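Trainee: one predicted model, sequence on top.
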Amino acid sequence: MNRNRMRRGLMLALATAVFGGLSITTGPSASAAATLQPKVFHNPADGGTYAQLWELHGPTNTLAYQAAFHPYGETLVVWDRLTDGFEATVVLKVYDRDHNLVDTDKFTTGKDRTFNLGTPDGSGSGDITEGYKVKFILNAGAYTTPPIEGTA
């Protein structure tokens, strides 16, 4: 009988510790922050290069942020579809055929936006030379994608 009370007391203490710890980590501030999963890929159908941050919801995930470089037309399309107070930021670098850095630009938006990478500062004048490499990283808040490279 005494042994059963000890077991119950131990189980109650263990459950309190476990559930008490969970209530600390799942408080309002932790649940308000999204968990974002990065994904980068090349799409052979349109020749584009994509960097994405997905908001995880179990079996149904949501595309929260995306940056896509399209070599035909030399555009950077940036999506910000998450109302979390962060803006989508893309740092884009252009390298010549000898791998020398030619230009670095930063694009920030809190909505869906298309940038013309003509110079590539988005001004629309000039073109990125054919064969030059475009490397970029997408980030929002504390989340960042790996760098991905496309070709103009």
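Mentor: That came in fine, so what should we check first?
Trainee: all strands for this structure, in order.
Mentor: With DSSP state E as the criterion, the chain has strands at 36-43, 48-55, 62-70, 75-80, 88-95, 101-109, 113-116, 133-140, 143-144, 148-151.
Trainee: can you pull the contacts of the residue nearest to the spatial centre of the chain?
Mentor: Centroid-nearest residue in the chain, with C-alpha atoms, centre = their mean: residue 53, separated by 3.3 Å. Neighbour list for residue 53: 36, 37, 38, 39, 64, 65, 66, 138, 140, 143, 145 [criterion: C-beta atoms under 8 Å, 6 or more residues apart in numbering]. Backbone N, C-alpha and C define where each C-beta goes, glycine included.
Trainee: wait, the fourth one sits on residue 148?
Mentor: No - taking C-beta atoms under 8 Å as the contact criterion, residue 39 and residue 148 are not neighbours in contact, 9.9 Å apart.
Trainee: who touches both of the two?
Mentor: Shared contacts of residue 39 and residue 148 (C-beta under 8 Å, 6+ apart): 50, 51.
Trainee: shaky segments in this structure?
Mentor: Within the chain, the segments meeting pLDDT under 70 span 1-34, 119-126.
Trainee: if we use 50, what do you get?
Mentor: Along the chain, segments meeting pLDDT under 50 span 1, 5-7, 10-32, 120.
Trainee: next, count neighbours for the residue nearest to residue 113 when sequence neighbours are not counted.
Mentor: Spatial nearest neighbour of residue 113, chain neighbours left out: residue 78 (5.4 Å); criterion: C-beta to C-beta, 6 or more residues apart in numbering. By other C-beta atoms under 10 Å, 25 other residues sit near residue 78.
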